[in-house]
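1. Make a model of this:
(2 chains)
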Number of protein chains: 2
Amino acid sequence: MPKSKMTLGVDLGGTNIQAGLLDAEGKLLARDSTKTKAEEGAEAVLGRVVKLCDGIIDKAKVSKGDVAGMGIGAPGALDIANGVVLEAVNLRWRDFPLAKKLGELAGVPVLVDNDVNVGAWGEYHEGAGKTGKDMLAVFVGTGIGGGLILNGKLFHGHYFTAGEIGHTTVAAHASIGRRTVENLASRNSIVLLLAKLIGANHPSWLVEATGGDLAKVRSKLLSQAVKQDDPLTLEVIGYAAEVVGIAIANTVTMLSLPQVVVGGGLTEALGNMWIKRISDAFDRHVFPPQLRDCKIVASKLGDDAGVIGAALLARELP
Amino acid sequence: MPKSKMTLGVDLGGTNIQAGLLDAEGKLLARDSTKTKAEEGAEAVLGRVVKLCDGIIDKAKVSKGDVAGMGIGAPGALDIANGVVLEAVNLRWRDFPLAKKLGELAGVPVLVDNDVNVGAWGEYHEGAGKTGKDMLAVFVGTGIGGGLILNGKLFHGHYFTAGEIGHTTVAAHASIGRRTVENLASRNSIVLLLAKLIGANHPSWLVEATGGDLAKVRSKLLSQAVKQDDPLTLEVIGYAAEVVGIAIANTVTMLSLPQVVVGGGLTEALGNMWIKRISDAFDRHVFPPQLRDCKIVASKLGDDAGVIGAALLARELP
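-> As a prediction, the model looks like this:
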C-alpha cells in the first residue's frame, strides 16, 4: 500500500467501538465512537463499524476513494493470518471471518489484529516507543495485557497469542489465584485485595469515599486515594507495581529489550508514581544489570493508541 | 556462503575447548577437544583453538581450502555484531576482538555467538527442534541458560543478552537468593538444598553414597538417587522441575512458541522423569490452555549441540 494514503483505524471492544481516520503523516483527522451492542449480532456490529467510519470520513471532509484500507483491533482469540475471530466471548463471536466480512461491507481491504497489539503498535510508531526495533507494551486496567514488537514488527508467535504477560507466573508458591501478574496487579485484583483488607478492619480513606461499597472503586478513585496519602492504598498499589516491574524484568531479561511502554486505565490514573515504582522493581530484578538502561516509560497516546495503531497497521496491507 | 561448503564449529568453555568439522549435509566428519588453559592468555588459547581445528581437518582427511568458515560459541558478555568478547570472567578476557583475531590466525572467516545460543541453534537445525520457526532451548546444568530462535533466526535482542531464562523471577516473595529459576533449579541449587535438608536430619540415600560429603554430588549421582527412589532427592528434583516448567510456561505464554528443547548435564542424567515433570508443570501454568500443544522435548545432540550449532552458524557468514 502506498504510504501516502489515508487509513481507518478501529478499536472494537465489547462495550464501545472507537474509530479514527489517519492521514499519511500520522495525524488523526477525525475520531468518533459508538456503542458495540454485541447482543444485536455480528452483522449489526459490522454495520455500526461501517456507519461510524463513514461518519468520520464525512467529518474529515475527504472522499472515501482516498481511504486505502482499514485496520481493526479485535478482542478474544484470533487467527491473525486469516483475519478470523476464533472466539470472542464479550462479542459472542465464534469462527467469524472478520477481515472478509468487514472488507466486503466497507469496500476497503481490512487487516485484523489483537486489540492489545494494535495499541502496542500505535505506541511504537507514534507514541512513547523511540529506541531501537524491539518493544514491549503492557496495559494495566481491569485486566493486564501486553504486546511485543520484535525486529520492527508485531510478534504474534506460532499460535497468534504472544504478549500475554498478565498470565505469567511471578509468585509460584502463592495460593491459587494469587500467582500471576493479573491475579496480583490488575485493577480488579487491587480492588479485591483492598476490599479484603478493609473487611479485616484495616482503615482506609476509601471507606468514607465509597460509603463502604468497595465495588464502586475505579482507577480514578484509586488515584484520589493515592493523592490523599491513604496508607493502605499506597501499600497495595506499591505491591502491584512491584509485581508489574518483576514481570517486565522477566520479559526484558528473556528478550534483551531496549524499551517498555506502560499504559492502560490504571496507569493513566496513577501517572508518575506508578511508573516510578514499576521502574524501581524492574531495576532490582532485570539481568544482566546493564539492562537497567532499558527505558520504562508511560504510554503517550492514551485512549487513541488502539485507533492510531490499527490505522497504522492498515498501511501494512499488501 | 555456499551451503555446499564444510564449516568448523568450536565450543569455547572456561575449562575445555571442543571442536568439530561439519560437512554440507550436516554430518560431523571429525571431532576433538583440548584443555582451554585460560591462564596462559588469550593468544595462547587462540593458538590452541587453531591447532585443535587443524588436527580435526587432518583427521577428516580434507583440505583446509575446503573449509569455508568457523563458528565459535563463547562464554560471557558479547558484542555479537562485531564478534567481540566484552567480558568473560572464566577466560579472563575483556573487550577481546575474538572474530577478528581468530579469523587472522585461522585463515577463515569467523562468526562469534554466545555458547548457549550455538547449542540452541544446533538443536533447532539438527536436533530436537522440528515444529515451526520459533523455539526456546533451556540448558540445565551447574547453572541454567537459554537461547531463543524467533522467525527462524537466533534472537539476540538489543543488548545481545536475550535468553537469560535462569535469571527470571518465579518466586517474587521468597527470600533473596531463592527467587530466580537458577536460584531454585540449577544443579548447584539442588545440591545446596539437599545438603541443607540433610544437615537438618532429613534422611537420604545420598548420605551413604557420598560418605556425608554432599559437595561430591554431581548430576550422575542425583540420577542414581532417583533410581534408588530416594524420597528426599525425588522431592527436591520434582520441585526444581516445577520451577523450570513454570519458567518455560512464562516464556511460551509471552512468545506463543510451538516447541521447547530442554538439555544440559542435569537433563541428560535424569532423562524422561525430568522432562515429564517439567512438562506437567508447564501444562498447569501456560496460557492460553491451547498452548499445551507446545512440544517440550529433551535435547538430542547432547555435548555435540554447541559444536554442531557453531559450525551451522558459520554457514550464515556472508
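2. Against B:E164, how distant is A:L197?
-> 36 Å (Cβ to Cβ, to the nearest Å). Bear in mind the C-beta positions are built from the backbone N, C-alpha and C, glycine included.
3. More neighbours: which of these two?
-> Taking neighbours as other Cβ atoms under 10 Å in any protein chain shown, A:L197 and B:E164 compare with B:E164 leading, 26 against 17.
4. Would you check how far apart that one and chain A are?
-> Between B:E164 and chain A the computed distance is 5 Å (Cβ to the nearest Cβ, to the nearest Å).
5. what's near enough to touch that residue?
-> A:T253, A:M254, A:S256, A:F287, A:P288, B:G145, B:G146 (Cβ atoms under 8 Å, 6 or more residues apart in numbering or on different chains).
6. Likewise for A:G73?
-> Taking Cβ under 8 Å, 6+ apart as the test, what A:G73 contacts is A:9-12, A:113-119, A:306, A:309-310.
7. Could you pull up phi and psi at the residue of the stretch 51-200 of chain A found nearest chain B?
-> Across the stretch 51-200 of chain A, no residue is closer to chain B than A:G157, which sits at 2.4 Å (Cβ to the nearest Cβ). Main-chain dihedrals, A:G157, degrees, to the nearest 10: phi 80, psi 170.
8. Apart from its neighbours in sequence, what residue is nearest A:T161?
-> Spatial nearest neighbour of A:T161, chain neighbours left out: B:S256 (4.4 Å); criterion: Cβ to Cβ, 6 or more residues apart in numbering or on different chains.
9. isn't that neighbour right up against B:P288?
-> No - between B:S256 and B:P288 no contact is recorded; they are 9.3 Å apart, counting by Cβ atoms under 8 Å.
10. Find the residues that touch each one of the two.
-> With Cβ under 8 Å, 6+ apart, B:S256 and B:P288 have common neighbours A:T161, A:E164.
11. Look at these two and report which has more neighbours.
-> Taking neighbours as other Cβ under 10 Å, B:S256 and B:P288 compare with B:S256 leading, 23 against 14.
12. I'd like to know how far that one sits from A:E208.
-> According to Cβ to Cβ, B:S256 stands 46 Å off from A:E208.
13. Same question for A:L29.
-> With distances taken as Cβ to Cβ, A:L29 is found 45 Å from A:E208.
14. Looking at those two, which is more packed in?
-> Each of A:L29 and A:E208 has its neighbours counted (other Cβ under 10 Å); A:L29 has more, 15 against 10.
15. hmm, back to that, so of the contacts of A:G73, which ones are in strands?
-> Counting by DSSP state E, the contacts of A:G73 place A:G9, A:V10, A:D11, A:L12, A:D113, A:N114 in strands.
16. what are the ranges of the helices in chain A?
-> A:42-59, A:98-106, A:115-126, A:181-185, A:187-199, A:205-210, A:219-227, A:231-255, A:265-270, A:272-285, A:304-314 (DSSP state H).
17. Flag every residue of the stretch 1-150 of chain A that's near chain B.
-> Within the stretch 1-150 of chain A, the positions adjacent to chain B are A:A77, A:T131, A:G132, A:K133, A:D134, A:G146, A:L148, A:L150 by Cβ under 8 Å from any Cβ of the partner chain.
18. Mind checking which of those are buried?
-> Of the members of those, the ones counted as buried by neighbours, 16 or more other Cβ atoms under 10 Å in any protein chain shown, are A:A77, A:G132, A:D134, A:G146, A:L148, A:L150.
19. re earlier: would a markdown table of the contacts of A:G73 with pLDDT be doable?
-> Converted to a markdown table, the contacts of A:G73 look like this (pLDDT from 0 to 100):
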| residue | pLDDT |
| --- | --- |
| A:G9 | 98 |
| A:V10 | 98 |
| A:D11 | 97 |
| A:L12 | 96 |
| A:D113 | 98 |
| A:N114 | 95 |
| A:D115 | 95 |
| A:V116 | 96 |
| A:N117 | 97 |
| A:V118 | 97 |
| A:G119 | 97 |
| A:G306 | 95 |
| A:G309 | 97 |
| A:A310 | 98 |
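20. Could you dump the residues you listed into TSV with neighbour count added?
-> What follows is the contacts of A:G73, written out as TSV (neighbours: other Cβ atoms under 10 Å in any protein chain shown):
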residue	neighbour count
A:G9	31
A:V10	29
A:D11	28
A:L12	29
A:D113	26
A:N114	24
A:D115	24
A:V116	28
A:N117	29
A:V118	32
A:G119	33
A:G306	30
A:G309	33
A:A310	33
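21. Number of residues surrounding A:R92?
-> Neighbour tally, A:R92, other Cβ under 10 Å: 14.
22. Let me see the contact set for it.
-> By Cβ under 8 Å, 6+ apart, the neighbours of A:R92 are A:A38, A:E39.
23. what's the distance between it and A:G14?
-> Distance of A:R92 to A:G14, given as Cβ to Cβ: 9 Å.
24. Any chance you could list residues touching both of those two?
-> By Cβ under 8 Å, 6+ apart, the residues touching both A:R92 and A:G14 are A:A38.
25. Contacts only, for the residue nearest to A:T161.
-> Applying Cβ under 8 Å, 6+ apart to B:S256 gives the contacts A:H156, A:G157, A:H158, A:Y159, A:F160, A:T161, A:A162, A:E164, B:D134, B:L291.
26. and if you look at A:K130?
-> When contacts are counted by Cβ under 8 Å, 6+ apart, A:K130 touches A:Q259.
27. quick one, phi psi at it?
-> phi -140, psi -10.
28. Give me the pLDDT value at it.
-> Predicted confidence (pLDDT) for A:K130: 76.
29. So it versus A:M273, what's the distance?
-> 23 Å.
30. What of A:R31?
-> For A:R31, the distance to A:M273 - Cβ to Cβ - is 30 Å.
31. which of these two has more neighbours?
-> Of the pair A:R31 and A:M273, A:R31 is the one with more neighbours under other Cβ under 10 Å, namely 18 against 15.
32. Could you find the closest non-adjacent residue to that one?
-> Nearest to A:R31 is A:G20, by Cβ to Cβ, 6+ apart, at 4.0 Å.
33. so that neighbour makes contact with A:I57?
-> No - A:G20 is beyond contact range of A:I57, at 10.8 Å (criterion: Cβ under 8 Å).
34. Spit out the residues that contact those two alike.
-> Both A:G20 and A:I57 are in contact with A:L8, A:A30, where contact means Cβ under 8 Å, 6+ apart.
35. Would you mind telling me which of the two has more residues around it?
-> A:G20 (25 against 19).
36. Could you pull up the residues touching the more buried one?
-> So A:G20 contacts A:L8, A:G9, A:L28, A:L29, A:A30, A:R31, A:D32, A:I56, A:D304, A:V307, A:I308, A:A311 (Cβ under 8 Å, 6+ apart).
37. who does it bridge with?
-> Taking DSSP bridges as the rule, A:G20 bridges to A:G9, A:R31.
38. how near is it to B:W205?
-> 68 Å.
39. A:A30 too?
-> 75 Å.
40. what's the neighbour count on A:K100?
-> Based on other Cβ under 10 Å, the number of other residues close to A:K100 is 14.
41. Name the nearest residue to it, ignoring sequence neighbours.
-> A:G83 (6.5 Å).
42. Next, count neighbours for the one you found.
-> Applying other Cβ under 10 Å, we find 22 residues neighbouring A:G83.
43. That one reaches A:K101, doesn't it?
-> No - using Cβ under 8 Å, A:G83 makes no contact with A:K101, being 9.2 Å away.
44. for A:D230, what are its contacts?
-> Taking Cβ under 8 Å, 6+ apart as the criterion, A:D230 is in contact with A:S204, A:W205, A:L206.
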